[in-house]
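Novice: All I have is the shape, not the residue letters:
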């Protein structure tokens, strides 16, 4: 009934806050792709919305929401506290 | 008073982060369908909004909010950590 | 000072994820009705916004936010896990 | 430095989910009033936005966000579970 | 690298729900000021957006999000429960 | 597959609420930069959106969402409670 989502990670765990943010970016984009799976259409949209401040801020907001989820999943990388340089 | 929602899952539990994301997509769409139950009207809207960057980002945001709920319900799939490949 | 809200439930507890979603829909609509209590005005708005993709996605988002609250209130229906068919 | 907010409650505790929702409505409106304290200006805006579906849905969303806070503050009125009719 | 934010509080703790709301208002405004630090530009914008229902509702939403954070930080002022009049 | 994000912090821990807010601002901007990495394009957008009330409020909202994450990561700086002046 539901098709697999290409490129979806097996886990929400990431080693660092940065890789967690990259995962949030990925989930945000996957959320767009499932609604518009045609890559050609998406590529045509990009030049326009990537120069539109409102769309950029809205994209940043979706990333922020996913980052809340991923940061909580990783217990905010607390165990990393001491050993990151 | 309230009619059943066709296709609504019996549980928010999913085996993996990916199937949880698929459930988030489903809930997002059900949230649209309950407001506009007429499938013909919805189908007419799709070609337009699926080419509109703002609508795609907004859809991705609703998925992100539902994913927060589903990820929390599944305790972020922590028990999956070791055994997914 | 504050008038009762007709149809407001006595509890956020629901037996299933589906009935919880129906409650989220109800709260979303009550949030609209308290701002615009005149049913005639609301009925006039419906044909238009129910054909507007942006308004449908925004409605779905409000449902998603209320669903977070209701799902948490019901501990994500964890006790239901085994016995739903 | 910061002036008092007229009508602000002394507590986020409410006896029922319904009175909690009324508090969420109140906080949403107070959030508007602190930005535009002039009641005459606010009254002039009301006829227009209360007939605008987008504004009504956006208002419902702010209520939903405050309701998350208030419901959590009241532990989702769990102690009410048995004794509400 | 990052300059101090004038007027930022030393703590998210506030004695009451009302002072917590005032802090939420303050953080919302600081979020605007860091993007547009020029006070003259901000003052020019105010007459217009403070008469725009959409902008007022959006401002109220940012306050609501910060209030979630502050209310959680203060454990919803639970210890206040008995002794506020 | 995913390139590093220049300037991303090693930890979400910050010594104070203020430095946490600065981190929230940084994450909001990084969320924009990953979608539009070309600094020249971003610089061209700034004069316009920094004079647009809607964009400023939307930016403040993204900061507010990231601040929720960072504040939770830092346990709301509770250990700071006594020793800030």
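Specialist: Alright, I've got the coordinates. Being a predicted model, the structure only gives us computed values, none of them experimental.

Novice: what about the helix or strand bottoming out on mean pLDDT in chain A, near chain B?
Specialist: Of all helical and strand segments in chain A, the minimum by mean pLDDT, DSSP states H and E falls on helix A:39-49, at a mean of 91. Yes - using Cβ under 8 Å from any Cβ of the partner chain, helix A:39-49 reaches chain B at A:41, A:45, A:48, A:49. Placement of C-beta: from N, CA and C, glycine included.

Novice: for chain F, what are the nearby residues on chain A?
Specialist: Residues of chain A lying near chain F (Cβ under 8 Å from any Cβ): A:16-19, A:21-22, A:25-26, A:50-51, A:53-54, A:56-61, A:63-65, A:67-68, A:71-72, A:76-78, A:80-81, A:84-85.

Novice: Try it again at 6 Å.
Specialist: Residues of chain A found near chain F (Cβ under 6 Å from any Cβ of the partner chain) are A:17-18, A:22, A:25, A:50-51, A:53, A:56-57, A:59-61, A:63-64, A:68, A:71, A:76, A:81, A:84.

Novice: Filter the residues you listed down to the ones in helices?
Specialist: Taking DSSP state H, the ones among these that sit in helices are A:17-18, A:22, A:25, A:53, A:56-57, A:59-61, A:63-64, A:68, A:71.

Novice: anything in stretch A:66-85 near chain B?
Specialist: Yes - between stretch A:66-85 and chain B, judged by Cβ under 6 Å from any Cβ, the touching residues are A:66, A:69, A:73.

Novice: Buried residues in the least confident helix or strand of chain A, which are they?
Specialist: Within helix A:39-49, the residues scored as buried using 16 or more other Cβ atoms under 10 Å in any protein chain shown are A:42, A:45, A:49.

Novice: Not counting sequence-adjacent ones, nearest residue to the residue in chain A that chain E sits nearest to?
Specialist: Chain E sits closest to residue A:57 of chain A, with a gap of 9.8 Å, by Cβ to the nearest Cβ. In space, and not counting its chain neighbours, residue A:57 is closest to residue F:58: 4.6 Å by Cβ to Cβ, 6 or more residues apart in numbering or on different chains.

Novice: Then residue A:45?
Specialist: residue B:53 is the one closest to residue A:45 (Cβ to Cβ, 6+ apart), at 4.8 Å.

Novice: Please identify the buried residues of stretch A:22-40?
Specialist: A:22-36.

Novice: follow-up on the earlier one: show me which of the buried residues of helix A:39-49 is closest to residue C:6.
Specialist: residue A:49 (42.4 Å; Cβ to Cβ).

Novice: The closest one against residue B:53, yeah?
Specialist: Yes - contact criterion Cβ atoms under 6 Å: residue A:49 and residue B:53 qualify, at 3.6 Å.

Novice: who touches both of these two?
Specialist: Residues touching both residue A:49 and residue B:53 by Cβ atoms under 6 Å, 6 or more residues apart in numbering or on different chains: residue A:55.

Novice: Which helix or strand contains the nearest residue to residue A:18 once chain neighbours are set aside?
Specialist: Spatially, and ignoring its direct neighbours in sequence, residue A:18 is nearest to residue F:8 (4.1 Å; Cβ to Cβ, 6+ apart). Per DSSP states H and E: residue F:8 is located in neither a helix nor a strand.

Novice: Find the residue ranges of chain A scoring beneath the pLDDT cut-off.
Specialist: Scanning chain A with the threshold set as pLDDT under 70 gives A:1, A:80-85.

Novice: contacting residues for residue A:77?
Specialist: residue A:17.

Novice: Pull up the gap between it and residue C:19, please.
Specialist: As judged by Cβ to Cβ, to the nearest Å, residue A:77 and residue C:19 stand 37 Å apart.

Novice: Relative to chain B, which residue of chain A is the closest?
Specialist: residue A:31 (3.2 Å).

Novice: distance between the host helix or strand of that residue and the chain's centre?
Specialist: In this structure, residue A:31 sits in helix A:17-33 according to DSSP H and E. The chain centre lies 1 Å from the centre of helix A:17-33; the measure is Cα atoms, centre = their mean, to the nearest Å.

Novice: ok, and what's touching it?
Specialist: Contacts of helix A:17-33 (Cβ under 6 Å, 6+ apart): A:5, A:14, A:62-63, A:66-67, A:70, A:74, A:77, B:56, B:60, B:63, F:2, F:5, F:8, F:12, F:34.

Novice: Measure how that helix sits relative to helix A:39-49, angle-wise.
Specialist: If you take axes from the mean of the first three to the mean of the last three Cα atoms, to 10 degrees, helix A:17-33 sits at 110 degrees to helix A:39-49.

Novice: if we can go back for a sec, near the residue nearest to residue A:18, how many other residues are there?
Specialist: Neighbourhood size, residue F:8 [other Cβ atoms under 10 Å in any protein chain shown]: 16.

Novice: what's the spacing between it and chain D?
Specialist: Taking Cβ to the nearest Cβ, to the nearest Å as the measure, residue F:8 falls 28 Å from chain D.

Novice: Please apply the same query to residue A:75.
Specialist: 20 Å.

Novice: can you check residue A:61 too?
Specialist: To chain D, residue A:61 is 13 Å away according to Cβ to the nearest Cβ.

Novice: cool, residue A:34 as well?
Specialist: Noted for residue A:34: a distance of 23 Å to chain D, by Cβ to the nearest Cβ.

Novice: Likewise for residue A:66?
Specialist: For residue A:66, the distance to chain D - Cβ to the nearest Cβ - is 18 Å.

Novice: Can you tell me the closest non-neighbouring residue to that residue?
Specialist: residue A:24 (3.9 Å).

Novice: same thing with residue A:59?
Specialist: residue F:35 (4.7 Å).

Novice: is it true that that neighbour touches residue A:56?
Specialist: Yes - counting by Cβ under 6 Å, residue A:56 is a contact partner of residue F:35 at 5.5 Å.

Novice: Now the common contact residues for the two.
Specialist: By Cβ under 6 Å, 6+ apart, no residue touches both residue F:35 and residue A:56.

Novice: ok, now which ones touch residue A:50?
Specialist: Here residue A:50 is in contact with residue F:36 (Cβ under 6 Å, 6+ apart).

Novice: Just the closest residue of chain A to chain F, please.
Specialist: For chain A, Cβ to the nearest Cβ, closest residue to chain F: residue A:60, 3.2 Å.

Novice: how deep is that residue tucked in, by neighbour count?
Specialist: The burial count for residue A:60: 29, using other Cβ under 10 Å.

Novice: gap between it and chain D?
Specialist: In this view, residue A:60 and chain D are 19 Å apart by Cβ to the nearest Cβ.

Novice: Excluding chain neighbours, what is closest to that residue?
Specialist: Counting by Cβ to Cβ, 6+ apart, the residue nearest residue A:60 is residue F:31, at 3.2 Å.

Novice: hang on, the earlier thing: right, and the residue of chain A closest to chain F touches residue F:63 too?
Specialist: No - if you go by Cβ under 6 Å, residue A:60 and residue F:63 don't touch, sitting 9.7 Å apart.

Novice: returning to that earlier point: need the contact list for the residue nearest to residue A:45.
Specialist: So residue B:53 contacts A:45, A:49, A:55 (Cβ under 6 Å, 6+ apart).

Novice: between the residues you listed, which is closest to chain D?
Specialist: residue A:55 (17.6 Å).

Novice: how about the closest one, what does it touch?
Specialist: If you count contacts by Cβ under 6 Å, 6+ apart, residue A:55 has them with A:49, B:53.
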